[in-house]
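> any chance you could fold what I've pasted below:
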Amino acid sequence: MLEAFRRDGGLIVEGMFDRATIDPMTTVADLRVPEFPPGSAT
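Alright, predicted model coming up:
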């Protein structure tokens, strides 16, 4: 995994979290999206 991360700059790990964990994180992240313009470095 570390080799792929270094090569590609990121990873997608399927099945790491269940929906009960992901859904609340998505809800909170969606609320913050308007604060950051496309291409923002933050």
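
> ok, residue 5 touching residue 11?
Yes. Contact criterion C-beta atoms under 8 Å: residue 5 and residue 11 qualify, at 5.3 Å. For the C-beta atoms, the positions are set from N, CA and C on the backbone; glycine is no exception.

> what's the weakest-modelled helix or strand in the chain?
helix 2-8 (a mean of 93; mean pLDDT, DSSP states H and E).

> could you point out which element follows that helix?
helix 19-32 (DSSP states H and E).

> any idea of the mean pLDDT for that following helix?
Mean per-residue pLDDT for helix 19-32: 96.

> what distance do you get for residue 8 to residue 16?
Relative to residue 16, residue 8 is positioned 17 Å away (criterion: C-beta to C-beta, to the nearest Å).

> kindly apply the preceding question to residue 26 instead.
For residue 26 relative to residue 16 (C-beta to C-beta), the value is 14 Å.

> ok, residue 22 next?
In this structure, residue 22 and residue 16 are 9 Å apart, going by C-beta to C-beta.

> ok, residue 34 next?
27 Å.

> can you check residue 6 too?
Counting by C-beta to C-beta - residue 6 and residue 16 are separated by 19 Å.

> next one: residue 29
Distance, residue 29 to residue 16, by C-beta to C-beta: 16 Å.
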